[in-house]
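Undergrad: I need the structure of the sequence given here:
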Amino acid sequence: MKAVQKGFTLIELMIVVAIIAILAAIAIPAYQDFMVRSAVSEMLVSASACKNNVAEYWQDKAAWPPTPADAGCSNVGTAKTLAPSVSAANGEVTVSASPTSSLGLKLGAGTDTLALAPSDGVAPGTLATPAPNQPIGEWICHPGAGGSSTTIAVKYLPSTCRP
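TA: Sure thing, here's the model as predicted:
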């Protein structure tokens, strides 16, 4: 009489372990990139209130705000130590992650700034200062946009900031 096999053979178990290892090798880096992208999206959200205030200041006074306080921007950081600031020269709103925060450590030193630069929107995707008392047509945040000081790698930027 033939004995009935009970359980799995060693080969079957090794195949299952190999499949799980391959899936983990693909999923873990993708998840880490996702976490960085979500934190960079948070940077964009923290700049949005300041962005609106800068646009109102430009529309009202036909000049860029000299300080973040004049624009009505808060310099209080979030839980990830993100604090928006405004450049008086061109109205650019920048948000930087603290180098010691988890996001700053993942991005690396010197690559942790997201900048939103105002443009007239006539030529989409290019930086051009709007005329005085004219609305800001678009905000450009991708690196290499002719003056944008975004230093974050394109793969981590939200889709609205990709060229």
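Undergrad: wouldn't Lys120 be in contact with Thr129 here?
TA: Slight slip there: residue 120 is Asp, not Lys. Yes. The pair Asp120 / Thr129 is scored as a contact, 6.9 Å apart, by C-beta atoms under 8 Å. C-beta: built from backbone N, CA, C; applies to glycine.
Undergrad: Okay, and the beta partners of Ala117?
TA: Note on Ala117: beta-bridge partners by DSSP bridges are Ile140.
Undergrad: Let me know the pLDDT of it.
TA: Here the pLDDT value assigned to Ala117 is 84.
Undergrad: Ala145 too?
TA: Note for Ala145: predicted pLDDT of 59.
Undergrad: what helix or strand does Ile15 sit in?
TA: Secondary structure assignment for Ile15, by DSSP states H and E: helix 10-61.
Undergrad: shaky segments in the protein?
TA: 1, 75-89, 100-102, 104-105, 108-111, 123-126, 144-148 (pLDDT under 70).
Undergrad: Let's check: the centremost residue of it is which one?
TA: Central residue of the chain (C-alpha atoms, centre = their mean): Val40, 2.9 Å from the mean position.
Undergrad: What's the separation between that one and Leu114?
TA: 6 Å (C-beta to C-beta, to the nearest Å).
Undergrad: what residues do the two have in common as contacts?
TA: Ile152, Leu157 (C-beta atoms under 8 Å, 6 or more residues apart in numbering).
Undergrad: Now the residue nearest to the centre of the chain. Nearest residue, chain neighbours left out?
TA: Leaving aside its sequence neighbours, Val40 sits nearest to Tyr156 (C-beta to C-beta, 6 or more residues apart in numbering; 5.0 Å).
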